[in-house]
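[1] I'll drop the sequence and a predicted model, then ask my questions.
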Amino acid sequence: MSAPGTTEPSSANAGYLRIATEEAFAPAELLQRWRALMQRGGNLDPGFVDQWGYFLGESPRAKGIAARLQEIGAQRIRDMDETGIARQILSLTNPGVQIFDAATGTALAATFNDQLAEAIRAHPDRFSGLAAIAPQNPAGAAKELERGVRKLGLKGAIINSHTQGEYLDDPKFWDIFAAAESLNVPVYLHPSTPSPRMYAPFAERGLEGAIYGFAVETSLHLLRIIVSGAFDRFPGLRMVVGHLGEGLPYWLSRIDFFHRANVASDRYATVKKLNKKPSDYLKENIWVTTSGMAWEPPILYCQQVLGVDRVLYAMDYPYQFIPEEVKVTDNLPISDQDKKKLYQSNAERVFGLGA
């Protein structure tokens, strides 16, 4: 029996399993290191200080989320059972190891990936995972991604958007893309708070976090990657973004129109002519998840404009752990075949869960 007010644990009668694809964890050591960084002070990312100053604080909500982030075992599985989630794809919460210097970030990524792999081995039918990497050391990040996939059985990489204000459209990071393409695994581009250069206007009105700043920062990052020509250089590269594409699917026509205009203009010397329209890369190289967006209209819209094969289910656990939201997806006015794609088969294909 499921807990009162929750969704039945099994959806087998409908012919699908619920796989949640953007589910966070944070080892106790990571939280301790973040706390130590803030206690030492110095020139820290203001978004990091704001976000983790709250989540490492004493409010009941913050303490509850911090506790659930650190637990990859019985409690998490109980939460999954009570909301009908068959499997979580786990990833290191933002900003992961990207806040540290290159050597520290690289070493911690390996440690945390080993811990994640151990948790997956303990519950192989309930958990899969993405490798944490330190983009501030691109060659080391590519090497750790290869180790994570080949030796630990992880299913791709998690990158928590900007790395100390830098973006992956810079070719100095493209060893990571080359590795992901070669390994045939996706890169999940997860939000972080806006970079220091863009933080203040959001924070002045409390808009820097999940309410808006996350989406703006991550959509900017993804669009920078697209117009940089990265997908022309790595046509087999697959990326996944949450929150139904961070708003970009709504802008497809306008982005195509003005990118074409910008290429034809002499105003923008850095704008590249691409092999395809920007929207084509969003429809061919990008998948979006429903994390934090349990709302029928945009889910159906993304399925319509991107295709039913491009949209995956996610809960955004534990940050948005709201059991009733699962029912929104259960009740979508789509066929059971398309619901199976949304909940299960798209994730299995993108993340190679059968491999």
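    Thanks, I have the structure now. Here the structure is a predicted model, which means the values were calculated and not measured.

[2] Okay, buried residues for the helix or strand where K327 lies please.
    Per DSSP states H and E: K327 is located in helix 324-330. By 16 or more other C-beta atoms under 10 Å, the buried positions in helix 324-330 come out as 325-326, 329. C-beta: built from backbone N, CA, C; applies to glycine.

[3] Run the chain-centre distance for it.
    20 Å (C-alpha atoms, centre = their mean, to the nearest Å).

[4] after it comes which helix or strand?
    helix 336-340.

[5] Now do the buried residues in that next one.
    Buried residues in helix 336-340 (16+ other C-beta under 10 Å): 338-340.

[6] Give me the helices and strands touching the following helix or strand past that helix, please.
    Helices and strands here follow DSSP H and E; after helix 336-340, the next one along the chain is helix 346-351. For helix 346-351, the helices and strands in contact under the criterion 3 or more C-beta pairs under 8 Å, 6 or more residues apart in numbering; DSSP states H and E are strand 19-25, strand 311-312.

[7] hmm, who's touching helix 346-351?
    With contacts defined as C-beta atoms under 8 Å, 6 or more residues apart in numbering, helix 346-351 is touched by 19, 21, 89, 128, 155-156, 185-186, 238, 240, 287, 309-313, 353-354.

[8] just the buried members of these?
    19, 21, 89, 128, 155-156, 185-186, 238, 240, 287, 309-313, 353.

[9] which intervals of the stretch 1-150 of the chain have sub-threshold pLDDT?
    Residue ranges of the stretch 1-150 of the chain with pLDDT under 70: 1-14.

[10] Strands of the protein, residue ranges please.
    19-25, 87-92, 127-129, 131-132, 157-159, 187-189, 239-241, 286-289, 311-312 (DSSP state E).

[11] contact partners of the fourth one?
    Just to be clear, that refers to strand 131-132. Identification of contacts with strand 131-132 by C-beta under 8 Å, 6+ apart yields 91-92, 96-97, 108-109, 112-113, 116, 144-145, 147-149, 152, 154, 156-158.

[12] now swap in the last one and tell me
    Counting contacts by C-beta under 8 Å, 6+ apart, the residues outside strand 311-312 that touch it are 19, 21, 240, 244, 287-290, 299, 302-303, 341-342, 346-347, 350.

[13] Just to check, A62 is in contact with L56?
    Yes: with contact defined as C-beta atoms under 8 Å, A62 reaches L56; the gap is 7.2 Å.

[14] quick one: A157 and L130 touch, right?
    Yes: assessed by C-beta under 8 Å, A157 is found in contact with L130 at 5.9 Å.
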